[in-house]
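**Q** the following block contains a protein sequence and its predicted model.
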Amino acid sequence: MTILARRKGSFRAEARRVLADKRKLEALDLATARLRTDRLRAWDEIDDVDALRERAREARHRAIANLDGNLDRFQRALEARGGRVHRCANAAEATAAITEICRSVDARLVAKAKSMATEEIGLNSSLEAAGMQVVETDLGEYLLQLAGEHPAHIVAPAIGKTAADAARLLESVDGEPVEPGAL
């Protein structure tokens, strides 16, 4: 079950609510058509899309087959450059580790980049429960944060928002008017 379903009730109830929102469906239709058109245009620029897909599939399978070795190599390389790796077995360990890192520097404001992994582990709510303010750096994620919603799409998190929706949300930050056409 996703975080969204846990927080809002059942997945089916949430799906029914979204499907009943005509404006959201129109925004989804427009965005989906634009994404499809852009993808097809990009594919037309590639000589052999099927060969590229096959190379990507093989690379993914190799990475998964050698996951432990790849993670070990990454850790060694990062640590050799002064970085530190925290390996966590579950969401609770991950949020605890990140929260402790933020506490260790007395963070009160945390700027967070878009990541479905942090959404899946509930990082924002963990940091907020520890007294920190979290601000998303990705515009789509920020709009959803302002709306009190969760991402609906891995690449385009605010895919269900229109320019008018975005303008209203951005206006709510400081009360200054935002024209949808400027977005």
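**A** That came in fine, so what should we check first?

**Q** show me how far stretch 147-157 is from its chain's centre.
**A** Chain-centre distance of stretch 147-157: 7 Å, with C-alpha atoms, centre = their mean, to the nearest Å.

**Q** how about it: buried residues?
**A** By neighbour count on 16 or more other C-beta atoms under 10 Å, the buried set for stretch 147-157 is Ala147, Glu149, His150, Pro151, Ala152, Ala156, Pro157. No exception for glycine: its C-beta is placed from N, CA and C like everyone else's.

**Q** and the residue lying farthest from the centre of the chain, what are its phi and psi?
**A** Note on the chain: the largest C-alpha distance from the chain mean falls to Asp47, namely 30.9 Å (C-alpha atoms, centre = their mean). The phi and psi values for Asp47, taken as degrees, to the nearest 10, are phi -60, psi -50.

**Q** picking up where we left off before, show me the two of the buried residues of stretch 147-157 that sit farthest apart.
**A** Ala147 and Ala156 (14.8 Å; C-beta to C-beta).

**Q** do me a favour and average the pLDDT over the helix or strand harbouring Glu141.
**A** Secondary structure assigned from DSSP states H and E places Glu141 in helix 139-147. Averaged across helix 139-147, pLDDT comes to 93.

**Q** got the buried residues for the following helix or strand past that helix?
**A** Later in the chain than helix 139-147, the nearest helix or strand by DSSP H and E is helix 163-174. Judged by neighbour count (16+ other C-beta under 10 Å), helix 163-174 contains these buried residues: Asp165, Ala166, Ala167, Arg168, Leu169, Leu170.

**Q** quick check: mean pLDDT across stretch 77-96?
**A** Computed over stretch 77-96, the average pLDDT equals 97.

**Q** just to revisit the earlier point, return the closest of the buried residues of helix 163-174 with respect to Asp21.
**A** Taking the buried residues of helix 163-174 together and measuring to Asp21 by C-beta to C-beta, the closest member is Asp165, at 10.9 Å.
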